[in-house]
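Participant: Kindly return the folded structure for what I paste below:
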Amino acid sequence: MNLSLTEENYIKTIWHLSGDGGRSVTTNELATRLGTAPASITDMVKKLSTKRLVRYEPYQGVRITDKGSASALLIIRKHRLWETFLVEKLGFQWDEVHEVAEQLEHIQSDELINKLDDFLGRPAFDPHGHFIPDRDGRFQQVNHVPLASLSPGSSAFIGSIRNGSPDLLQYLSRIGIFIGVRIKIIERRTFDGSMEIDVHKKGRVVISREVSENLFITEHA
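Facilitator: Alright, predicted model coming up:
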């Protein structure tokens, strides 16, 4: 199904807000995330409903359908493959690729995206540690837990970054935190929730509660 750029952005946003399709999303949530007036949100949601991409009930919210989830995962696949290409093949930094991939994800050629996937070696994860769906919409499930949940003395490897804002990614780069880097928890400060950690090859650094809640680990070291 060919969707407009706006329709694709709505479907992708609904899927993310719903916890990967698991719950209904309110029109207010959509309006806040998209920066759009609630009346416009309602009009678009009704349009998507006629295409059976979502189910919408006034005052009950929006729930994405299986058809809508398939469309959302295709968009996410394109976005994350382009991010991977930009970082691995064109030398972009991981904080530079989101806006460019936002433009490239709307390319409609399935053949191009599948060839891009093959060219990259069919990666399972993008530069920020997020899964990349395959051409059938399947993706590798990984049990990521927030770094903030670890206790002092624990060691782990960074698996993904939840908030991919350029400011956060630039900060993490400066302190040596990337996907796959080993860290050790030295101290958790009860006053403000900040943590002192030891970053492999970089040494000790103090990170805020907000940063620790946006860092997810894949396994204990």
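Participant: which residues of the protein fall in strands?
Facilitator: 54-57, 61-64, 145-146, 155-161, 182-188, 195-199, 203-207, 215-220 (DSSP state E).
Participant: out of these, which comes closest to residue 16?
Facilitator: Closest to residue 16 of the strands of the chain, according to CB to CB: strand 61-64, at 10.0 Å. Quick note: C-beta positions are derived from backbone N, CA and C, even for glycine.
Participant: just the CA coordinates of that closest one, formatted as CSV?
Facilitator: In CSV, the C-alpha atoms belonging to strand 61-64 read as follows (Å, rounded to 0.1, in the frame of the first residue of the first chain):
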residue,chain,number,x,y,z
GLY,A,61,-8.0,6.2,21.5
VAL,A,62,-6.3,4.7,18.5
ARG,A,63,-5.1,1.1,18.3
ILE,A,64,-2.9,0.0,15.4
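Participant: Double-check residue 31 against residue 37; I have them as touching.
Facilitator: Yes. Between residue 31 and residue 37 there is a contact at 6.7 Å, judged by CB atoms under 8 Å.
Participant: more crowded one of those two?
Facilitator: When neighbours are counted by other CB atoms under 10 Å, residue 31 comes out ahead of the other of residue 31 and residue 37, with 16 against 10.
Participant: if I look at that one, how far off is residue 134?
Facilitator: 33 Å (CB to CB, to the nearest Å).
Participant: burial of residue 44, as a residue count?
Facilitator: 23.
Participant: got the contact list for the residue nearest to it when sequence neighbours are not counted?
Facilitator: Among residues not flanking residue 44 along the chain, residue 10 sits closest, at 5.5 Å (CB to CB, 6 or more residues apart in numbering). Listed by CB atoms under 8 Å, 6 or more residues apart in numbering, the contact set of residue 10 reads 30, 34, 44-45, 48.
Participant: Also residue 75?
Facilitator: Residue 75 neighbours (CB under 8 Å, 6+ apart): 8, 11-12, 105-106.
Participant: can you list these in CSV and add neighbour count, distance to residue 147 and pLDDT?
Facilitator: As requested, the contacts of residue 75 are exported to CSV (neighbours: other CB atoms under 10 Å; distance: CB to CB, whole Å; pLDDT from 0 to 100):
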residue, neighbour count, distance to residue 147, pLDDT
8, 19, 32, 96
11, 27, 31, 96
12, 20, 26, 95
105, 22, 29, 96
106, 14, 34, 94
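Participant: what comes up buried for the longest helix belonging to the chain?
Facilitator: Longest helix in the chain by number of residues, with DSSP state H as the criterion: helix 66-88. Going by neighbour count (16 or more other CB atoms under 10 Å), the buried part of helix 66-88 is 68-87.
Participant: cool, stretch 203-220 as well?
Facilitator: Buried residues in stretch 203-220 (16+ other CB under 10 Å): 205, 207, 211-218.
Participant: With stretch 187-198 instead?
Facilitator: 188, 194-195, 197.
Participant: what does the average pLDDT come to for it?
Facilitator: Stretch 187-198 shows a mean pLDDT of 93.
Participant: Straight-line length of that stretch, end to end?
Facilitator: 10 Å (CA to CA, to the nearest Å).
Participant: Name the residues that touch that stretch?
Facilitator: With contacts defined as CB under 8 Å, 6+ apart, stretch 187-198 is touched by 147-148, 151-152, 183-186, 204-209, 212.
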